[in-house]
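# compute the structure for the input listed below.
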Amino acid sequence: MKKSRHSSLPIIGWREWVGLPDLGIKSIKVKVDTGARSSSLHVFDLKKFERAERIWVKFKVHPAQRKSTPTVEVETEVLEFRSVRSSSGKASLRPVILTNIELLGRLYLVELTLASRDKMGFRMLLGREAFRGRFLVDSGRSYYGGKPLRKKKSN
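You can find the predicted model right below:
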């Protein structure tokens, strides 16, 4: 059997927990989407402003799935604005930011488009540009990196 040049890459599942340390997000569940080129983060209250002659954005994130708490507020510089076609085929101009992502104990830079993903199942999509050459995807398994510890409810 011929050995793949990618055989030394770590494996991730179709769902994973990642950290976005630059954005103050300890953990957020992502859908690993090999069909999407770019990665996308659900944000709300998105506002564009200028700082030192550069374009920045201010926005809020609810990192916990199907919950409105906690709320993380973020300010970051915009890398560019990009036309992105959604899964429904509609194109929109989205801000793109550059931020670190932590996955399987590795930290690396990714481009994230900012969009309203309220009606989507996941608060974040990890597109193939973010994991190409870094990870292989096992489409039949989830959470190779484990799950975050849940806080026990006090009685």
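
# correct me if wrong: Leu110 contacts Arg128.
Small correction: residue 110 is Val, not Leu. No. Counting by C-beta atoms under 8 Å, Val110 does not reach Arg128; the two are 11.2 Å apart. Where C-beta positions appear, they are placed from N, C-alpha and C, glycine not excepted.

# between these two, which has more neighbouring residues?
Shown here are Val110 and Arg128; by other C-beta atoms under 10 Å, Val110 has more neighbours (20 against 15).

# what's the lowest-mean-pLDDT helix or strand in the chain in contact with?
Of all the helices and strands that make up the chain, strand 80-85 has the lowest average by mean pLDDT, DSSP states H and E, namely a mean of 90. Strand 80-85 is touched from outside by 38, 40, 91-96, 113, 115, with contacts defined as C-beta atoms under 8 Å, 6 or more residues apart in numbering.

# give me the buried subset of those.
For the contacts of strand 80-85, a burial check counting by 16 or more other C-beta atoms under 10 Å picks out 38, 40, 94-96, 113, 115.

# what segments of this protein are strands?
11-13, 15-20, 25-33, 39-42, 44-51, 54-61, 72-77, 80-85, 91-103, 106-115, 124-127, 136-138 (DSSP state E).
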